[in-house]
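1. Any chance you can model this:
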Amino acid sequence: MPISPWAKKLRQLRAVHNYTQEHLAEELGIRQNTYSLLETGTTEPTEERLAQIAEVYDMSLEEMRAWEPGAVNQNHNNVANAYTTIEHQHIISREFIEDLMTRMDKRSEETNRVNAELLRLNQRLLDLVEQLKG
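-> Coordinates of the predicted model:
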C-alpha cells in the first residue's frame, strides 16, 4: 500500500523544520504515537488537524497544501530516500519504520545538543581571545 501524500508531506515538513514527533504532538495537544499514525499514513489527517499543523509551521493551510520540499540537508535526503525505498519495496514492517523514525529523531536531537555545545565552546574561546587582547 503506497504511503499517503499527506503522510509524506508531514514527515518532510517536520524534517525540514528539525522538529521531533514529540514536539509536534505537544504543539497539537496529542500523544506522540497518535501523531506518528499521521506520518505513517495509518490515519488520514482531518481538515481541522491539518489547519492546526499548518499553524505550528506558521503557514496557512493553502500554503501547506502547496508546499514542496526545497533543498534539504543530506541527512534529510538520506531519510527521504530510505522511505522511498521502503515504500516501493514493501519489505519492512510498519513497526520497523516507526522505530527507524524514532531513532532518527533521537539522532537529530543529539546533533542539536552537540551543535549547541560547540557554539557554547566557540563563544568561550572568543571570550578568552578578547581577554588576552585586552
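2. Run the chain-centre distance for stretch 102-110.
-> Mean-position distance between stretch 102-110 and its chain equals 10 Å (C-alpha atoms, centre = their mean, to the nearest Å).
3. Give the buried residues for that stretch.
-> Judged by neighbour count (16 or more other C-beta atoms under 10 Å), stretch 102-110 contains these buried residues: Met104, Asp105, Ser108. Yep, even glycine has a C-beta here, placed from its N, CA and C like the rest.
4. pLDDT score for the first one?
-> With respect to pLDDT, Met104 has a value of 88.
5. any idea which helix or strand carries it?
-> Element membership for Met104 (DSSP states H and E) is helix 94-133.
6. Mind listing what's buried along that helix?
-> Ile97, Glu98, Met101, Met104, Asp105, Ser108.
7. Number of residues surrounding Glu39?
-> Glu39 has 26 neighbouring residues, counting by other C-beta atoms under 10 Å.
8. my read: it touches Gln21, true?
-> Yes: if you go by C-beta atoms under 8 Å, Glu39 and Gln21 touch, sitting 7.0 Å apart.
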